[in-house]
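Chemist: sequence first, predicted model second:
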Amino acid sequence: MAAASFSVTRRFFDDKNYPRGFSRHGDYTIKESQVLEQYGQAFHALDLALREPATKEEKAFVAFCRGERAPETFFEKTWNKYRTRINTAKRVYTLSGDVTADASGNEDYSGD
């Protein structure tokens, strides 16, 4: 990777989806967490076309973001994992049933 690729001036945090940080959530390995924090600002800007790609690696990354090719590098796979995790709807589980109570307070669990 070229020294100028994915250069940023600040770390990347996603307080909405990962309020305790990437490494403390359990979705990512230590290396993936470090890459997201260190280069996530660049990944985000390139993905949203807020920044023009300056190097060959960044141009390849943008092609991956646009869906022109599958993720190949560790950076691309990590960003793809991040995008998948934040765009997947969270499942909500509830417990419900048909429990009726008679006048004495006894619950009837028969599916009458």
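Modeler: Okay, I see it.

Chemist: can you read off the pLDDT for the residue nearest to the spatial centre of the chain?
Modeler: With distances taken as Cα atoms, centre = their mean, residue 82 lies nearest the centre of the chain, 3.0 Å away. What the model reports as pLDDT for residue 82 is 95.

Chemist: give the helix, strand or coil label for it.
Modeler: Recorded secondary structure, residue 82: helix (DSSP: H, G, I helix; E, B strand; the rest coil).

Chemist: buried ones in the helix or strand hosting residue 76, by neighbour count?
Modeler: Element membership for residue 76 (DSSP states H and E) is helix 74-87. When burial is assessed from 16 or more other Cβ atoms under 10 Å, helix 74-87 yields the following buried residues: 75-76, 78-79, 81-82. For every residue, glycine as well, the C-beta is placed using N, CA and C.

Chemist: just the closest of those to residue 7, please.
Modeler: Minimum distance to residue 7 across these is 13.0 Å, recorded for residue 75 (Cβ to Cβ).

Chemist: how far away is the closest one from residue 34?
Modeler: Going from residue 75 to residue 34 by Cβ to Cβ, to the nearest Å gives 12 Å.

Chemist: ok, residue 45 next?
Modeler: Residue 45 is 19 Å from residue 34, by Cβ to Cβ.

Chemist: cool, and residue 52?
Modeler: Taken as Cβ to Cβ, the span from residue 52 to residue 34 is 25 Å.

Chemist: that older thread, more neighbours, residue 45 and residue 34?
Modeler: residue 45 (17 against 14; other Cβ atoms under 10 Å).
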